[in-house]
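> A structural model of the following input is requested.
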Amino acid sequence: MIGIRTSLPLPSLGEIVAQLFVYFIIEDYTNYWLHRFLHCKWGYEKIHWVHHEYTAPIGYAASYSHWLEVLLLGIPSFLGPATAPGHMITFWLWMALRLIESIETHSGYDLPWTPTKLIPFYGGAEYHDYHHSVGGQSQSNFASVFTYCDYIYGTDKGYRYQKKVMKELKDGVKSTGLQNGGSHNSSVDFKSD
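Numbers count the residues shown, from 1 in each chain. Now for the predicted structure:
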């Protein structure tokens, strides 16, 4: 199988980490471009619309896709091991991490305790939720794992703008204590006629 070792000795921790890093970078970059292709008019109308039936994703929506999308977006996951083959243990760990990441990204929960918070440029659930929530013809947040491609190619501008506006709104509510223009303020006495 594409040069993957199955015999002893087992890979060292350093070898596993280095190969997983390479696999994630290769997968992320190629997935970005294939995912972006699936958002062109033809790709979306013929293939990717199935995946976007979930506008508020759940974990199982990660693999809910057209059969051709499963094949296309499976290619990046196998490019890393094909390019830099390692040990079967590294390959299985890679597949497990890829599935866990995909489910987490589509979970709809931005969990504060997840170890992925420690990964620089990691997108996560909130990042990918924006991609699903802005509609089927979304032209943003295509990254599968990291956010560097979206940043470099400018496809995260809408997300960054929304984050900025939401922060300003949240800060405004904190400073004034008023929500919805203050119409809910219980300290106002209403006179009944």
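> which residues in the protein form helices?
13-38, 41-46, 67-83, 88-105, 124-133, 148-152, 157-176 (DSSP state H).
> Out of those, flag the one nearest Pro112.
Closest to Pro112 of the helices of the chain, according to C-beta to C-beta: helix 124-133, at 10.8 Å. Backbone N, C-alpha and C define where each C-beta goes, glycine included.
> for the closest one, packing partners?
helix 88-105, helix 157-176 (3 or more C-beta pairs under 8 Å, 6 or more residues apart in numbering; DSSP states H and E).
> how distant is it from the center of its chain?
Distance of helix 124-133 from the chain centroid (C-alpha atoms, centre = their mean, to the nearest Å) equals 6 Å.
> Just the buried residues of it, please?
Applying a neighbour-count criterion of 16 or more other C-beta atoms under 10 Å, one finds Gly124, Ala125, Tyr127, His128, Asp129, Tyr130, His131, His132 buried in helix 124-133.
> about what we covered before: most tightly packed of the helices of the chain?
Among those, helix 124-133 has the highest mean neighbour count (mean count of other C-beta atoms under 10 Å), at a mean of 20.
> follow-up on the earlier one: mind checking the helices and strands packed on helix 124-133 for the one nearest to Phe78?
That would be helix 88-105 among those, by C-beta to C-beta, at 9.4 Å.
> returning to what we had before: I'd like the helices and strands packed on helix 124-133 as a markdown table, with mean pLDDT and distance to Leu38 appended.
Formatted as a markdown table, these follow (pLDDT from 0 to 100; distance: least, C-beta to C-beta, whole Å):
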| stretch | mean pLDDT | distance to Leu38 |
| --- | --- | --- |
| helix 88-105 | 92 | 15 |
| helix 157-176 | 83 | 18 |
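> export those helices to CSV and tack on distance to Leu79?
Converted to CSV, the helices and strands packed on helix 124-133 look like this (distance: least, C-beta to C-beta, whole Å):
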stretch, distance to Leu79
helix 88-105, 11
helix 157-176, 26
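> shouldn't Thr114 be in contact with Glu101?
No: using C-beta atoms under 8 Å, Thr114 is not in contact with Glu101; the gap is 10.1 Å.
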